[in-house]
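Enquirer: How does the following fold in three dimensions:
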Amino acid sequence: MDQRRARSFTDAQGGLSFGQLRGPIAATPPGEIHGDDDVSISALVGLVLFGAVIPAGPARPQDAAEDWDLTVDPAQQLTMASLDFGGNAIALRCKAGVLDFFLTGTPATTEAFRTVQVTAGGILDERQNWQVQPGAPVLSATEPDRLARQLRAGGDLNLRIEPVAADERAIRFRLTTPPSAASLDQVLSACGAALTDEWDLRPRASAGVIWEHLATPEYPRAGLREGVPLATVRLACIVPANGRFDECRVLSETPGGLGFGRNALAAARQSRVALPEGDTGSVGKVVQFTVRFRPSE
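Expert: Next up, the predicted model:
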């Protein structure tokens with residue numbers, strides 16, 4: 001049997017069928033991070049980096065970071081740049097080919113995602129869905145490479161975590177980053193991410209997009225030959241006015257080089273989407289979703 005249909009076509013939050021796709025949608029979740037709410041920020045950075053606690057270092061005020069701290073550990077396939085602000089830390093981490101951008105020192109929650117309003121570089125007051133790391137006061141950004149590129153020139157990273165409950169207050173962070181691109185560039189390059197990208201400044205869709213027809217992607221022959229049981233492809237597409245995606249790109253592909261990205265693009269372009277009645281503001285904006293491949297039995 002040369003070709004099979006992939007069993008599913010879903011977003012990263014699971015269960016996407018002929019319903020709403022909201023953008024931006026978080027990428028496939030990174031590995032779980034476990035920690036206690038009262039663990040120090042420096043120790044939590046160690047938890048993010050190595051899966052183990054490292055001794056806490058001296059705290060620094062939020063506006064006094066001098067340069068990114070670079071960590072390279074070939075044995076763990078790790079390259080990371082981090083800034084410790086005392087009460088919070090941020091880290092861009094490439095580990096085993098997977099790129100993440102973490103914010104530590106956030107309130108613990110049982111939610112899977114938190115809505116974060118982001119301003120950094122050319123990103124202005126953009127609402128994003130950041131993933132909550134289970135059991136730890138850590139959030140991971142929706143688009144780690146894009147956010148990191150906005151910080152290469154330094155400047156303020158302004159974040160507003162929107163409340164979930166009616167009696168909850170929004171939480172704001174202003175983290176001033178140094179004008180030093182070398183460490184960030186090394187992490188981006190370690191994961192094969194571009195140092196510049198013209199799509200970074202395209203606005204992201206925040207309204208819903210509805211699948212009218214969802215094409216099933218073909219499972220690539222190379223994936224069958226290699227016995228790949230599961231593959232994921234993260235796509236970004238421009239919301240069309242005519243219902244058909246014709247401008248899409250692969251953001252990530254795991255495993256790579258076997259045709260999963262190519263086939264996911266083909267399926268997206270064969271699908272049809274619609275906007276909720278009266279919504280024209282999402283046309284021309286970027287929406288993201290994840291395609292999951294499983295061979296049919």
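Enquirer: What ranges in the stretch 151-297 of the chain fall below the confidence cut-off?
Expert: Scanning the stretch 151-297 of the chain for pLDDT under 70 picks out the ranges 207-208, 297.
Enquirer: ok, which stretches of it are helices?
Expert: Taking DSSP state H, counting those that start in this stretch as the criterion, the stretch 151-297 of the chain carries its helices at 182-190, 221-226, 260-270.
Enquirer: And the last one, what does it pack against?
Expert: If you count contacts as 3 or more C-beta pairs under 8 Å, 6 or more residues apart in numbering; DSSP states H and E, helix 260-270 packs onto strand 218-219, strand 231-238, strand 248-254, strand 286-293. Any C-beta I mention is one placed from the backbone N, CA and C, and that applies to glycine too.
Enquirer: Now tell me what touches it from outside.
Expert: Identification of contacts with helix 260-270 by C-beta atoms under 8 Å, 6 or more residues apart in numbering yields 6, 9, 213, 215-220, 223, 231-233, 235, 237, 244-246, 248-250, 253, 291, 293.
Enquirer: what about the helices of the stretch 151-297 of the chain, which gets the closest to residue 141?
Expert: Judged by C-beta to C-beta, the one of these that comes nearest to residue 141 is helix 182-190, at 13.4 Å.
Enquirer: So which residues make contact with that closest one?
Expert: By C-beta under 8 Å, 6+ apart, the surrounding residues in contact with helix 182-190 are 67-70, 72, 79-81, 92-94, 99, 145, 148-149, 151-152, 194-195.
Enquirer: ok so, going back, tabulate the helices of the stretch 151-297 of the chain (JSON lines), appending distance to residue 209 and mean neighbour count.
Expert: Listed next are these as JSON lines, based on distance: least, C-beta to C-beta, whole Å; neighbours: other C-beta atoms under 10 Å:
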{"stretch": "helix 182-190", "distance to residue 209": "29", "mean neighbour count": "19"}
{"stretch": "helix 221-226", "distance to residue 209": "28", "mean neighbour count": "14"}
{"stretch": "helix 260-270", "distance to residue 209": "12", "mean neighbour count": "20"}
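Enquirer: Adding distance to residue 107, write those out as TSV.
Expert: Rendered in TSV, the data for the helices of the stretch 151-297 of the chain read as follows (distance: least, C-beta to C-beta, whole Å):
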stretch	distance to residue 107
helix 182-190	27
helix 221-226	41
helix 260-270	35
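Enquirer: residues of stretch 102-115 that come out buried?
Expert: Judged by neighbour count (16 or more other C-beta atoms under 10 Å), stretch 102-115 contains these buried residues: 102, 103, 104, 105, 106, 113, 114, 115.
Enquirer: so of the contacts of helix 182-190, which ones are in strands?
Expert: Under the assignment DSSP state E, those contribute 69, 70, 72, 79, 80, 81, 92, 93, 94, 99 to strands.
Enquirer: just the buried members of those residues?
Expert: Buried residues within these, defined by neighbour count using 16+ other C-beta under 10 Å: 69, 79, 80, 81, 92, 93, 94, 99.
Enquirer: Looking at the last one now. What's its pLDDT?
Expert: The confidence metric pLDDT takes the value 92 at residue 99.
Enquirer: Please look at it and residue 93 and confirm they touch.
Expert: Yes - with contact defined as C-beta atoms under 8 Å, residue 99 counts as touching residue 93 (7.2 Å).
Enquirer: re the thing from before, among the buried ones among the ones in strands among the contacts of helix 182-190, which two are most distant?
Expert: The widest separation within these, taken as C-beta to C-beta, falls between 69 and 99 and amounts to 17.4 Å.
Enquirer: from what I can see residue 249 touches residue 236, true?
Expert: Yes - taking contact to mean C-beta under 8 Å, the distance of 5.5 Å between residue 249 and residue 236 places them in contact.
Enquirer: The nearest residue to residue 149 once chain neighbours are set aside: how many residues sit nearby?
Expert: Spatial nearest neighbour of residue 149, chain neighbours left out: residue 200 (5.8 Å); criterion: C-beta to C-beta, 6 or more residues apart in numbering. Using other C-beta atoms under 10 Å as the criterion, residue 200 is surrounded by 17 other residues.
Enquirer: Correct me if wrong: residue 200 contacts residue 122.
Expert: Yes - with contacts defined as C-beta under 8 Å, residue 200 counts as touching residue 122 at a distance of 6.5 Å.
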